[in-house]
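K.L.:
Need the 3D shape of this:
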Amino acid sequence: MLPMLEGGVVGVMAFSYNRNRVFEESGRTFKTLLVRQCALAFERIRLRSQELAQREAAEQSAAAEKRARGDVELLYELIATANRLDSVDEIYQLALRRTCSSGTGGASR
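P.N.:
Got it, this is the predicted structure:
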């Protein structure tokens, strides 16, 4: 059994044989290098998974920010329109047009 070490214990690799063996230095060195490469591969997999999770979180955050920005722009436009217009119906029509054109239809809120 050899420990897989890469910034801590990643795992253990076990070698088994049907009889007792004495390993020469070259055999021990080979197995040690093999275990090291496996530990590095596991570490790369862990880091890649972590990177993908962080990327997904960043994309979700950017999408939420974009939606919020659109909501704020709509609010400012409605306020500006309300300050110019005398008719509430015109404000409703503007809000309806903007909501429908953004593709949300108000369903995602």
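K.L.:
So which elements touch the biggest helix by length in the chain?
P.N.:
Counting residues, the longest helix found in the chain (DSSP state H) is helix 25-84. Here helix 25-84 touches strand 2-5, strand 9-13, helix 88-101, going by 3 or more CB pairs under 8 Å, 6 or more residues apart in numbering; DSSP states H and E. (Each C-beta comes from the backbone N, C-alpha and C, glycine too.)
K.L.:
closest to residue 51 out of the ones you listed?
P.N.:
Nearest to residue 51 among the helices and strands packed on helix 25-84 is strand 9-13; the distance by CB to CB comes to 17.6 Å.
K.L.:
Tell me which residues are up against the closest one.
P.N.:
Contacting residues not belonging to strand 9-13 are listed as 1, 2, 3, 4, 31, 34, 35, 38, 39, 42, 43 [CB atoms under 8 Å, 6 or more residues apart in numbering].
K.L.:
Residue 39: neighbouring residues, count only.
P.N.:
Using other CB atoms under 10 Å, residue 39 has 21 neighbouring residues.
K.L.:
list the contacts for it?
P.N.:
Contacts of residue 39 (CB under 8 Å, 6+ apart): 4, 5, 6, 10, 11.
K.L.:
Quick one: buried ones out of those?
P.N.:
4, 6, 10 (16 or more other CB atoms under 10 Å).
K.L.:
related to what we said a few turns ago, what's the closest of the contacts of residue 39 to residue 27?
P.N.:
Nearest to residue 27 among these, counting by CB to CB, is residue 4 at 18.0 Å.
K.L.:
quick one: contacts for the closest one?
P.N.:
For residue 4, the contacting residues are 10, 11, 12, 13, 35, 36, 38, 39, 42, by CB under 8 Å, 6+ apart.
K.L.:
Let's see that with 10 Å instead.
P.N.:
If a contact means CB atoms under 10 Å, 6 or more residues apart in numbering, then residue 4 has 10-13, 34-43 as its contacts.
K.L.:
Also residue 93?
P.N.:
Counting by CB under 10 Å, 6+ apart, residue 93 touches 81, 87.
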